[in-house]
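pasting a predicted model and its sequence here:
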Amino acid sequence: MGKLKDFKGIEGTDFFEQDRGFETLLGDLLPVEERAPVFASLHECARLVAGRWNELAREASRKENLPRIVKFDRAGNRVERVDFGIHTRQLRREAAEFGVLNRTRNELHKFAMVYLLAHNGEGSLNCGFSCTDGLVRAIEARGSEFLRETYLPRLLSIETPLAGAQFVTERDGGSDVGAIECEAKPNTDGTWSITGEKWFCSNPDEYFLVAARPVGARAGTSAVAIFLVPRVLVGGQVNKISFRRLKDKLGTQSLPTAEIDFEGATAWAIGEPADGFKTLMNYVIDTSRVHNAANACGILHRAFLEARNYARQREAFGRAIISYPLIQETLVGLLEKLWRRRVLTFRIIALVDRFGIVPKDSSQAMWQRFLVNLAKYRTAVDLTNSVREAMLVLGGNGIVEDFTVLPRLLRDSMIIETWEGAHNTLCLQIVRDALRSDLLERWRSEVTGVLERWPPDFLSLTRAKLESALAANVATITRERLTDQAWATKHARRVVDGLGSVLEVAWMAETAVRRASSDSTAALMTSLAGYDLLPTQDQFEHPILEALDATALSLIEERPIQTDVARL
């Protein structure tokens, strides 16, 4: 580049074509007959994401185009709606026409598109995608014939694209769903009347999933029911809701988040009210957590692409900054985090394709629940810092809103951390689940199985470290320890990080073993993951650092590599 005036961005390219690691992962996970059609769809989606949809997302995020509440129409009639803005509406319609909700071939295809869409951050699109997907799954699984016939077609229609929402949080009940006070009263015609407030209502478009407590129900989480509340009833009259205000959020600003009062609003129960919380968690929250993880991975990849593109072109002291070791270390570090978080997320999605979002087998259901909670936590917990690292590659240009998408991605990353369960909540849930199920045994069996399939002369140092970490975790994280509530509560995040780090390295290694004969990239990434996650006595002398001297640029450019990885 030489001079900044000659800089060229990555907009208008094909983000999937630039993502050889993701293509490799999907190639491993997809059935052979699905690869060609899914890849063709993803290339088309990626070009839209980098081109027209990138522009629409950027315009939607401008202050003058942000959402606003509309209480009355021009004739003074009450309408109670949110004006999402012309750019958001156009983007949602085009995404719906592309078929993100109802024309995907399988779960891997759907969530690969979520991943690609997240290259533009939330972009006024992905929260609506997540909420609508969860609401559709809940109605398909537990909804009445009336709900399936009347509202499923609308939720999947391009006329009301991605218009589903989920309203659980109240002022005094965030992660504590049992503290919900919003009340549901049965009506004689089979409907319900919802009264109360909801404090954090993202994507308040047309169709709301609302958590409320039936009149007379006992206190606590298990008595919470869920309902479909349309903004406008079938006859055309506005439902009895009232918007208070929109949140002035740090990130996802083009996605409205409202405070809403329900004033006897007409609603329909989704499934049996007594099963409401279970339905909410199984079909709605778990779905949203998988979306959240895929979003985090997509944001991280866009951050890497932006940093790499700038480093290729920006010169300092006579050469492109991509040639400097510390810049290479940053870029390789971003890519390594992406690889292992993405392997974790998309192996879960492959399980959803195989067993469903709610497996019939109780052991498999608990295992998937653990993995979903783990992936939501692990993908989100260091995302904000990763985007910040990418911004710093750009120096001062990294904080300029009209130079790069990274400032918006940084703000959206903080929201990714707060959505769908705070870190502590997720870790505590995993610890509770481990105590009442075979989760620890299943985790140990999973990692042991990988080690049994791992050739002894392949990544020998990483294998030894993984065996040591596995033994240490097995010795430390015992049922006796978890039975001690004070210990389990105090160490919940350390417990989950221990389980997660070992599993991520194991699954990375499994990918590396499969690819060993054709490409050493996955093996190098596995060694890096082991260096980053597992205890290292001397961080200055690890052989992966020597290997990076010769391979860092090839890793960054995602070119195939052949190198000796036996002792790594």
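Perfect, thanks for sending it.

so which residues of the stretch 201-350 of the chain form strands?
Taking DSSP state E, counting those that start in this stretch as the criterion, the stretch 201-350 of the chain carries its strands at 207-214, 225-230, 241-246, 257-269, 315-316, 319-320.

for the second one, buried residues please.
Residues of strand 225-230 classed as buried under the neighbour-count rule (16 or more other C-beta atoms under 10 Å) are A225, I226, F227, L228, V229, P230. The C-beta positions use only the backbone N, C-alpha and C, and glycine is treated the same way.

nearest to A258 among those residues?
For those, the closest approach to A258 (C-beta to C-beta) belongs to V229, at 13.3 Å.

from P153, how far off is the closest one?
Computed as C-beta to C-beta, to the nearest Å, the V229 to P153 distance reads 18 Å.

could you pull out the helices in the stretch 301-450 of the chain for me?
Assignment of helices within the stretch 301-450 of the chain using DSSP state H, counting those that start in this stretch yields the ranges 325-355, 362-381, 383-393, 406-418, 423-435, 439-453.

all helices of the stretch 451-568 of the chain, in order?
For the stretch 451-568 of the chain, the helices defined by DSSP H, counting those that start in this stretch cover 460-476, 479-483, 485-490, 492-515, 521-533, 543-557.

single out the most deeply packed of those.
Among those, ranked by average contacts under mean count of other C-beta atoms under 10 Å, first place goes to helix 521-533 (a mean of 25).

thinking again about what came up before, can I get the strands of the stretch 201-350 of the chain in JSON lines with distance to R411 and mean pLDDT?
Below are the strands of the stretch 201-350 of the chain laid out as JSON lines (distance: least, C-beta to C-beta, whole Å; pLDDT from 0 to 100):
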{"stretch": "strand 207-214", "distance to R411": "25", "mean pLDDT": "97"}
{"stretch": "strand 225-230", "distance to R411": "30", "mean pLDDT": "98"}
{"stretch": "strand 241-246", "distance to R411": "16", "mean pLDDT": "97"}
{"stretch": "strand 257-269", "distance to R411": "13", "mean pLDDT": "98"}
{"stretch": "strand 315-316", "distance to R411": "28", "mean pLDDT": "93"}
{"stretch": "strand 319-320", "distance to R411": "29", "mean pLDDT": "94"}
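
and the ones you listed: which comes nearest L499?
strand 207-214 (29.5 Å).

each with direction, which strands does that closest one pair with?
strand 164-167 (parallel), strand 183-186 (parallel), strand 225-230 (antiparallel) (DSSP bridges).

of all these, which lies closest to A516?
Comparing these by C-beta to C-beta, strand 164-167 comes nearest, at 43.5 Å.

the closest residue to G12 other than its chain neighbours and L116, how far apart?
Once flanking residues are discounted, G12 sits nearest to G51: 5.0 Å by C-beta to C-beta, 6 or more residues apart in numbering. G51 sits 12 Å away from L116, going by C-beta to C-beta.

just want to know which of these two has more residues nearby.
The neighbour count for G51 versus L116, taken as other C-beta atoms under 10 Å, is higher for L116 (27 against 15).

which secondary structure element contains the more buried one?
If you go by DSSP states H and E, L116 is part of helix 107-117.

could the strands of the stretch 201-350 of the chain be laid out in a markdown table, adding distance to E94?
Converted to a markdown table, these look like this (distance: least, C-beta to C-beta, whole Å):
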| stretch | distance to E94 |
| --- | --- |
| strand 207-214 | 20 |
| strand 225-230 | 24 |
| strand 241-246 | 24 |
| strand 257-269 | 23 |
| strand 315-316 | 38 |
| strand 319-320 | 37 |
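
name the helix or strand for the residue nearest to E55 when sequence neighbours are not counted, please.
Closest residue in space to E55, ignoring its immediate chain neighbours: E11 at 7.8 Å, by C-beta to C-beta, 6+ apart. E11 is part of no helix or strand, with elements assigned from DSSP H and E.
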